[in-house]
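> Build me a model:
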Amino acid sequence: MKNRPVYTFNSYKPLMSHMLLDPSQRGQLSRAAEFLNCQRSYLSRVISDKENLTPDQAYMICQFWKLTSDEREYFTSLVDYERAGQPEYRNFLKAKITEMKKKYESIQERTQRQSYVTENLEIQYFSSWVSCALQFLTMIPALQTVQALAERLNLKQDIVKQYLQQLQQRDLVELKNGKWINKSSNFHLPKESPLVLFHHQNWRNRAILDAQNPQSDHVHFTGVYTLSLNDYHRVKEMLLSFIAEANLIVGPSACEEGVAITCDLFRI
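Numbering: from 1, shown residues only. I've put the predicted structure just below:
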């Protein structure tokens, strides 16, 4: 899908306009009309809200765009919604479209990260940012001793050792030849977990502390804006895409540095 995924559109006609009339898509309208075996003017009328695609045409244009099966289902559902006249059926389609969009916007779905059950990571783990920090920093060879970890996090060694022992009990780290080594790192709390709020609070509070350091060369940004609903969804998609792409980079990356990424976008 060029530039913007189908899920960022709530109606199929603006999506068609973007895909067929955008200056970067020169000649696409004519090629699509040829592929669908229809007049170019007919597609123009569809885009201008004077006609609707037939179900067959909706399927064919998905083929033309080479959409995935999930994207095709979303697009054809948008077309069905525009064509439907029976209120109950329209409500059914609207709920289906909303659910597909929600699934697409799920960070866990887009990054395909493992989801731990809360029994494995109980509230003690999320009572502080320290447990999570130690779990991940033990992936870095230079930070696999109590002393090195204590110096990095500016904590007392006995406190670091206590947290490491708790992580060891959860089988998240292991002590091997005098070094604390990470055993598990790729997890994602589902949005519905009651513990996810603690996780957000821990790292946002930690980010605030770092922002207070005038010597820090880290990135801290807060922006408050007004914008159109359409552009809100575009910015949201940009952030979700960044998270998914960052996850692909982080996965195979060498363990040389520990970082935290906090990202928020919400209506005020």
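
> Not counting sequence-adjacent ones, nearest residue to Lys96?
In space, and not counting its chain neighbours, Lys96 is closest to Ser77: 5.7 Å by Cβ to Cβ, 6 or more residues apart in numbering. For glycine as for every other residue, the C-beta is placed from the backbone atoms N, C-alpha and C.

> Can you give me the neighbour number for that neighbour?
19 (other Cβ atoms under 10 Å).

> That one contacts Met100, correct?
Yes. Counting by Cβ atoms under 8 Å, Ser77 touches Met100, with 7.0 Å between them.

> Mind listing the shared neighbours of those two?
Residues within reach of Ser77 and of Met100 at once, by Cβ atoms under 8 Å, 6 or more residues apart in numbering: there are none.

> can you tell me how far Glu73 sits from Phe92?
Distance, Glu73 to Phe92, by Cβ to Cβ, to the nearest Å: 14 Å.

> what's the domain layout of this protein?
In terms of domains, the chain is parsed into 6-105, 125-182 (source: automatic domain parsing).

> of all those domains, which lies closest to Asn230?
Of all those, the one in closest proximity to Asn230, counting by Cβ to Cβ, is domain 6-105 (8.0 Å).

> Between the two ends of the closest one, how far is it?
Criterion Cα to Cα, to the nearest Å; first-to-last residue distance in domain 6-105 is 12 Å.

> Give me the distance between it and the centre of its chain.
The gap between where domain 6-105 is centred and where its chain is centred comes out at 24 Å by Cα atoms, centre = their mean, to the nearest Å.

> got a list of what Val160 touches?
With contacts taken as Cβ under 8 Å, 6+ apart, Val160 has the following neighbours: 130, 134, 146, 149-150, 153.

> for the residues you listed, which one is nearest Cys38?
The shortest distance between Cys38 and any of the contacts of Val160, using Cβ to Cβ, involves Leu134 and amounts to 61.9 Å.

> Let's verify the closest one: helix, strand, or coil?
The three-state label for Leu134, taken from DSSP: H, G, I helix; E, B strand; the rest coil, comes out as helix.

> For it, give me its contacts.
149, 153, 160, 163-164, 167, 173, 180.

> go on, Leu20?
28-29, 32, 43, 47.

> one step back: any chance of the contacts of Val160 in TSV with secondary structure and distance to Lys96 as columns?
Formatted as TSV, the contacts of Val160 follow (DSSP: H, G, I helix; E, B strand; the rest coil; distance: Cβ to Cβ, whole Å):
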residue	secondary structure	distance to Lys96
Val130	helix	44
Leu134	helix	44
Val146	helix	53
Leu149	helix	49
Ala150	helix	53
Leu153	helix	47
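
> Give me the three-state assignment for Ala260.
Classification of Ala260 using three-state DSSP returns coil.

> count of residues packed around it?
Neighbouring residues of Ala260 were enumerated by other Cβ under 10 Å; the total is 15.

> Check Lys96 too.
Lys96: 15 surrounding residues under other Cβ under 10 Å.

> just checking, it touches Leu78?
No. Here Lys96 lies out of contact with Leu78, judged by Cβ under 8 Å, at a distance of 10.2 Å.

> what's the burial count for the residue nearest to Phe126 when sequence neighbours are not counted?
By the measure of Cβ to Cβ, 6+ apart, the closest residue to Phe126 outside its immediate chain neighbours is Phe198, 3.8 Å from it. With neighbours defined by other Cβ under 10 Å, the count for Phe198 comes to 17.

> Tell me where the stretch 51-200 of the chain is predicted with low confidence.
Across the stretch 51-200 of the chain, the ranges flagged by pLDDT under 70 are 106-122, 185-192.

> Shouldn't Ile181 be within a helix?
No. Applying three-state DSSP, one finds Ile181 to be strand, outside a helix.

> on that earlier part again, of all pairs in the contacts of Val160, which one is the farthest apart?
When the contacts of Val160 are compared pair by pair using Cβ to Cβ, the two farthest from each other are Val130 and Val146, 13.0 Å apart.

> Okay then, goodbye and thanks.
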